[in-house]
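A.B. asks: show me how the following folds:
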Amino acid sequence: MTVLVQTTAGVTTITINRPERRNAVDPATAQLLYDAFLAFEADADAQVAILTGAGGAFCSGFDLKAAGAGLSDDWLARLDIPESWNDPTADPRPGPMGPSRLMLSKPVIAAIEGPVVAGGMELAAWCDMRVMAQGSVAGIFCRRWGVPLLDGGTVRLPRILGQGRANDLILTGRPVDADEALQLGFANQTCAQGAALAVAQGIAADLTRFPRACMLADHLSARMTPSDLAAGLRREWGSAAAFQAEGKAGAARFAAGKGRSGDFGDI
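C.D. replies: All right, here's what the predicted structure looks like:
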């Protein structure tokens, strides 16, 4: 299975399990992630979720090898957002990376090791808190390939970082290490390499001890309204045409071996 799910003492850990692809998300994995978070939302015994990746990587984004080979075409064609869509809580829909259009009632913590880049950075931004280990690197690395942000990055990153800092990362695609991510406000905590999951589990355990109704009410009130989120995601989805114009060719270049490991000089 490319997505692993375990619930213990009210904490659900959802793990992207494609370490051979640095946990890049292909369409099948996106569907499994979406289904896993819907199941978490529906489980009355599950209070907090942790999203992480296997093998020392969080997520390197959408699987560009699959995209370059045309294997994602049917998946992306299913994801169009109608103008009438106005409430993610009442009408949940998957995003390209899976759960990125969901607005859950319960908190999700990202436990980040290694790369958290491109769509992986968007998944982490979708989470409510982020624990980032030393040695991790964040960045909008899809800037190299003409692949637009389609999983809420343009909606959430300005709210997390502030507009100016978000502009910097979105436009340049530059890498950001754990210490800078903490300074910018992307990471809530940093930790030693290899410790992100344990730290996130400790935070999650603390959250399960609080009176639940009050915490969830404050959690909801602190976020943008469902209609504002839906409007932002609808607007962002308008950039999907750029994937057809530039992203497919960029994905094919990546699949051919260009620009690996965040190299912006060989694209």
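A.B. asks: which parts of the stretch 51-200 of the chain are strands?
C.D. replies: Taking DSSP state E, counting those that start in this stretch to define them, one finds strands in the stretch 51-200 of the chain at 108-112, 115-117, 129-133, 137-139, 176-177, 189-191.
A.B. asks: who does the third one pair up with?
C.D. replies: Each strand that strand 129-133 pairs with, and the sense of that pairing, follows from DSSP bridges: strand 108-112 (parallel), strand 189-191 (parallel).
A.B. asks: just to revisit the earlier point, now render the strands of the stretch 51-200 of the chain as CSV, adding mean neighbour count and mean pLDDT.
C.D. replies: C-betas here are computed from N, CA, C, even on glycine. Shown next, in CSV, are these (neighbours: other C-beta atoms under 10 Å; pLDDT from 0 to 100):
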stretch, mean neighbour count, mean pLDDT
strand 108-112, 28, 99
strand 115-117, 29, 98
strand 129-133, 26, 98
strand 137-139, 24, 98
strand 176-177, 20, 98
strand 189-191, 20, 98
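A.B. asks: you'd agree L150 is up against E236?
C.D. replies: Yes - the pair L150 and E236 qualifies as a contact (C-beta atoms under 8 Å) at a distance of 6.4 Å.
A.B. asks: of the two, who's got more company?
C.D. replies: Under the criterion of other C-beta atoms under 10 Å, the comparison of L150 against E236 puts L150 first, with 27 against 20.
A.B. asks: residue contacts, that one?
C.D. replies: Residues touching L150, when contacts are defined by C-beta atoms under 8 Å, 6 or more residues apart in numbering, comprise G95, P96, G119, E236, W237, S239, A240, F243.
A.B. asks: most neighbours out of those, which is it?
C.D. replies: Compared across the contacts of L150, G119 has the highest neighbour count, 31 neighbours, by other C-beta under 10 Å.
A.B. asks: hey, which helix is longest across this structure?
C.D. replies: Taking DSSP state H as the assignment, the helix of the chain that covers the most residues is helix 27-42.
A.B. asks: can you give me the buried ones in that one?
C.D. replies: Burial within helix 27-42, assessed by neighbour count using 16 or more other C-beta atoms under 10 Å, is assigned to P27, T29, A30, Q31, L32, L33, Y34, A36, F37, F40, E41.
A.B. asks: next, the angle strand 108-112 makes with that helix.
C.D. replies: Using axes from the mean of the first three to the mean of the last three C-alpha atoms, to 10 degrees, one finds that helix 27-42 and strand 108-112 are set 140 degrees apart in direction.
A.B. asks: L71 and W145, how far apart?
C.D. replies: Applying C-beta to C-beta, to the nearest Å, the value for L71 to W145 is 16 Å.
A.B. asks: tell me which of these two has more neighbours.
C.D. replies: Applying other C-beta under 10 Å to L71 and W145 shows that W145 carries more neighbours, namely 26 against 14.
A.B. asks: and of the contacts of L150, the nearest to E20?
C.D. replies: Using C-beta to C-beta, the shortest approach to E20 within the contacts of L150 belongs to G119, at 17.5 Å.
A.B. asks: now do the contacts for that closest one.
C.D. replies: When contacts are counted by C-beta under 8 Å, 6+ apart, G119 is found next to V25, C59, G61, F62, P96, M97, C142, L150, D151.
A.B. asks: I'm done for today, thanks for sticking with me.
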